[in-house]
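Chemist: Using only what follows, build the 3D model:
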Amino acid sequence: MTVDGGPTIILSNGIKMPQVGLGTWQSKAEDVKRAVAEAIDIGYRLIDTAAVYGNEEQIGEVVQEAIANGKIKREDLFITTKVWGNHLHPDNVINSVRESLKKLKMDYVDLVLAHVPTAFTSDNKFDDTVNVEDTWRGFEQVYKEGLAKAIGVSNWHHDQIARVLKSGTIPVHNSQVELHLYFPQKAHVDFCKQHNISVTSYASLGSPGRVNFISSTGMKIDWPVYPSELEDANVKELANKYNKTPAQILLRYVMDRGIAIIPKSVTPSRIKENFQLFDFHLTSEEIQHLDSTGNNHRLFLQPFMKGHHEDSFKSERN
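Modeler: The predicted structure follows:
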């Protein structure tokens, strides 16, 4: 289905989610304001943020300005935010969402996610008293009180999702995970399709910008060296065929699998390029050909989860 703002994905509760959005991880205050304003003007209707990104307030300012100027209505937008690990105790989830809403200057968000499955205390120590089932109860409260139109998870393993589907009263509407050509997440996507859970991909381009990331403590991560998906020979071949950029081929690869994308950029030309995806499709044979590289490596192992009883990537660690 396509509406203003591009194609949409219909969540299991009937909510329409734009398939293409603007990601805002690593986007600084002034940069994110310009990027969101540019994206809205281009036609983006999904904006993805998170409490831990530290830019909800700036995004709220731009959205309110666009509404005041008559460019959009609030109901035209789909805003996603996330609750960080130190607010995942079921008693704290709703307060975190209310704080996000205050910063965003909104009465509701369209989707709120548990950013990680691992709960921490306020001083960032492991909270061993909280399981994912407990966290999900907090998200169900947010949903029941109308503070979010949909609720979901991020960086969870599908076994954890299965547990809350069994214990909860409200289904998971969306799972946001690292997903790209060299980490296609086929088992996770198949699980989500089986349970009518929509999937959002982050790092859809292989996150070339991750090498510039500096944590809030000032630490710069020493990332493993992996081949660039933008330089993949099969990707370049299809870029030539369709007269598109390698980035557009990589984004279309994810979209044609029925998955939402939220590529991050603060550069106007790239924000525009990342939205020019609706005039072509990859065939199933072309997708299979892209998959033939056999690469399968996770870029974001979230080392802060290591040792936590809900570490979703423990089976992948050495």
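
Chemist: Which residue ranges of the stretch 201-318 of the chain form strands?
Modeler: Secondary structure of the stretch 201-318 of the chain (DSSP state E, counting those that start in this stretch): strands at 260-261.

Chemist: shaky segments in it?
Modeler: Residue ranges of the stretch 201-318 of the chain with pLDDT under 70: 209-223, 318.

Chemist: ok, now with 90
Modeler: 207-227, 293-294, 301, 317-318 (pLDDT under 90).

Chemist: Tell me where it has helices.
Modeler: 233-242, 246-255, 268-273, 284-291 (DSSP state H, counting those that start in this stretch).

Chemist: which other residues reach the third one?
Modeler: Put plainly, it is helix 268-273. The contact list for helix 268-273 (CB atoms under 8 Å, 6 or more residues apart in numbering) reads Leu22, Arg34, Ala35, Glu38, Ala39, Ile42, Tyr44, Thr245, Ala247, Gln248, Ser265. Bear in mind the C-beta positions are built from the backbone N, C-alpha and C, glycine included.

Chemist: next one: stretch 62-72
Modeler: 32-33, 36-37, 40-41, 45, 47, 73-74, 77, 79, 104-106.

Chemist: can I get the contacts of helix 268-273 in a markdown table with neighbour count and distance to Asp232?
Modeler: Shown next, in a markdown table, are these (neighbours: other CB atoms under 10 Å; distance: CB to CB, whole Å):
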| residue | neighbour count | distance to Asp232 |
| --- | --- | --- |
| Leu22 | 27 | 24 |
| Arg34 | 16 | 31 |
| Ala35 | 28 | 27 |
| Glu38 | 19 | 28 |
| Ala39 | 24 | 27 |
| Ile42 | 15 | 27 |
| Tyr44 | 24 | 26 |
| Thr245 | 17 | 13 |
| Ala247 | 22 | 11 |
| Gln248 | 21 | 13 |
| Ser265 | 22 | 20 |
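
Chemist: quick one, what contacts Ala150?
Modeler: Leu11, Asn13, Ile15, Met17, Asp110, Leu111, Val112, Tyr143, His173, Asn174.

Chemist: From Asn234, how far off is the nearest residue to the fourth one once chain neighbours are set aside?
Modeler: Nearest in space to Met17, with sequence neighbours left out and distances taken as CB to CB, 6 or more residues apart in numbering, is Ile9 at 4.9 Å. Taking CB to CB, to the nearest Å as the measure, Ile9 falls 26 Å from Asn234.

Chemist: Identify the farthest-apart pair in the contacts of stretch 62-72.
Modeler: Val32 and Lys73 (21.4 Å; CB to CB).

Chemist: Looking at those two, which one has more neighbours?
Modeler: Taking neighbours as other CB atoms under 10 Å, Val32 and Lys73 compare with Val32 leading, 27 against 9.

Chemist: which SS state does that one fall under?
Modeler: Classification of Val32 using DSSP: H, G, I helix; E, B strand; the rest coil returns helix.

Chemist: ok, it touching Val266?
Modeler: Yes: with contacts counted by CB atoms under 8 Å, Val32 reaches Val266, the gap being 6.9 Å.

Chemist: before we move on, back to that, are any of the contacts of Ala150 buried, and which?
Modeler: Buried members of these, counted by 16 or more other CB atoms under 10 Å: Leu11, Ile15, Met17, Asp110, Leu111, Val112, Tyr143, His173, Asn174.

Chemist: just these now: which is nearest Asn240?
Modeler: The closest of the buried ones among the contacts of Ala150, once distances to Asn240 are taken by CB to CB, is Met17, at 32.0 Å.

Chemist: On the three-state scheme, the closest one is what?
Modeler: strand.

Chemist: Repeat that for the one 5 residues further on.
Modeler: Assigned with three-state DSSP, Leu22 falls in the strand class.

Chemist: ok, it to Thr135 distance?
Modeler: Taking CB to CB, one finds Leu22 at 27 Å from Thr135.

Chemist: Show me the contact partners of the helix or strand where the residue nearest to Met17 lies.
Modeler: Secondary structure from DSSP states H and E places Ile9 in strand 6-10. Identification of contacts with strand 6-10 by CB under 8 Å, 6+ apart yields 1-2, 16-20, 43-45, 198, 255, 258, 260, 275, 277-278.

Chemist: Stretch 239-256 now?
Modeler: Stretch 239-256 is touched from outside by 7, 19-20, 179-181, 201, 204-206, 229-232, 235-236, 238, 261, 263, 270, 273-274, 276-277, 280-282, 287, 290, with contacts defined as CB under 8 Å, 6+ apart.

Chemist: go on, stretch 100-112?
Modeler: 15, 17, 49, 51, 56-57, 59-61, 63-64, 74, 77-83, 97, 139, 142, 146-152, 173-174.

Chemist: Emit the ChimeraX select command for whichever of these are buried.
Modeler: Of the contacts of stretch 100-112, the buried ones go into a single ChimeraX selection, burial set by 16+ other CB under 10 Å:
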select :15,17,49,51,56,59,60,61,63,77,78,79,80,81,82,83,97,139,142,147,148,149,150,151,152,173,174
